[in-house]
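J.: fold the following for me, if possible:
(one chain, ligands or ions: 1)
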Amino acid sequence: MAPRKFFVGGNWKCNGAGDDVKKIVTVLNDAEAPRAPSQVKGLLRPDFAVAAQNCWVRKGDAFTGEISAEMLVNLQVPWVILGHSERRALLSDQMIQGLKVIACIGETLEQREAGTTMEVVAAQTKAIAEKVSDWTNVMLAYESVWAIGTGKVASPAQAEEVHDGLRKWLNTNVTPAVAESIRIIYGGSVNGANCKELAAQPDLDGFLVGGASLKPEFVDIVKSATVKSSSA
Ligand SMILES: O=C(CO)COP(=O)(O)O
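T.: Model (predicted):
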């Protein structure tokens, strides 16, 4: 089986518009990147206007999955539909089809302190597994709630224990092939200083990075892939 390819994702959450985007993209790209127009905007006659189907209720910050009004303005999307009754937060089979999915799981501080971490993440993974028939385009992101945006990173041993436990769960409850091939990435206060030690853990296949993905140190985190001989 091919080695798992190290993955580093930057989760900008509801941050980044205008000059902030330019700065970080310039760092990553080493060149000024054009603002990509959406596919619809690129195809449509200019006398039609495009609307977004929702937007974040407040100003931008650490709000995964949200797009702020400011971001829409930046993208030259002038309209937004708000409060529509068809919006759903649940993961469904349809949401997975045709998309690559980073499915996030993780325990709260109370659950960790109660010693139920593995039970919690296994139950969360079970709920995901019930919706997934083809695991090719799915990865799991283990993000403990207590580590997200707090500066309290899981120790390499804590992360490895959960990643290893998840792989064992997948081995028993999905298939040994999926357990071996799926990427299990870690998220929660990853930064340029702690990424290498985490990346060296055998069952840790990459990162989902919040705050540090908005800073130049994100490049160091991307480079931590080289800690793994199997990375590309
Ligand atoms: O939520 C996260 C990634 O999805 C992690 O956020 P931080 O890296 O800011 O802790």
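J.: can you tell me the SS state at the residue of the chain most remote from its centre?
T.: Here the centre of the chain is the reference, and by C-alpha atoms, centre = their mean the most remote residue is residue 47, at 35.8 Å. Taken by DSSP: H, G, I helix; E, B strand; the rest coil, the conformation at residue 47 corresponds to coil.
J.: got a list of contacts for stretch 144-151?
T.: 62, 106-109, 112, 117, 152-154, 187-189, 210-211 (C-beta atoms under 8 Å, 6 or more residues apart in numbering). C-beta coordinates here come from the backbone N, C-alpha and C atoms, glycine included.
J.: from the residues you listed, which land in helices?
T.: 109, 112, 117 (DSSP state H).
J.: Three-state assignment for the residue sitting nearest the centre point of the chain, please.
T.: Nearest residue to the geometric centre of the chain (C-alpha atoms, centre = their mean): residue 208, 4.8 Å. Of the three states, residue 208 takes strand under three-state DSSP.
J.: quick one: pLDDT of the closest residue to it other than its chain neighbours?
T.: Nearest residue to residue 208 in three dimensions, chain neighbours excluded: residue 187, at 3.5 Å (C-beta to C-beta, 6 or more residues apart in numbering). Residue 187 is assigned a pLDDT of 96 by the prediction.
J.: now for residue 187: which residues touch it?
T.: Contacts of residue 187 (C-beta under 8 Å, 6+ apart): 11, 104, 106, 141, 142, 143, 147, 148, 207, 208, 209, 210.
J.: and which of these is nearest to the ligand?
T.: residue 210 (2.3 Å; C-beta to the nearest ligand atom).
J.: contacts only, for the nearest residue to that closest one once chain neighbours are set aside.
T.: Excluding its sequence neighbours, the residue lying closest to residue 210 (C-beta to C-beta, 6+ apart) is residue 11, at 5.0 Å. Counting by C-beta under 8 Å, 6+ apart, residue 11 touches 64, 187, 208, 209, 210, 213.
J.: turn those residues into JSON lines, columns for distance to the ligand.
T.: What follows is those, written out as JSON lines (distance: C-beta to the nearest ligand atom, whole Å):
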{"residue": "64", "distance to the ligand": "6"}
{"residue": "187", "distance to the ligand": "4"}
{"residue": "208", "distance to the ligand": "4"}
{"residue": "209", "distance to the ligand": "5"}
{"residue": "210", "distance to the ligand": "2"}
{"residue": "213", "distance to the ligand": "7"}
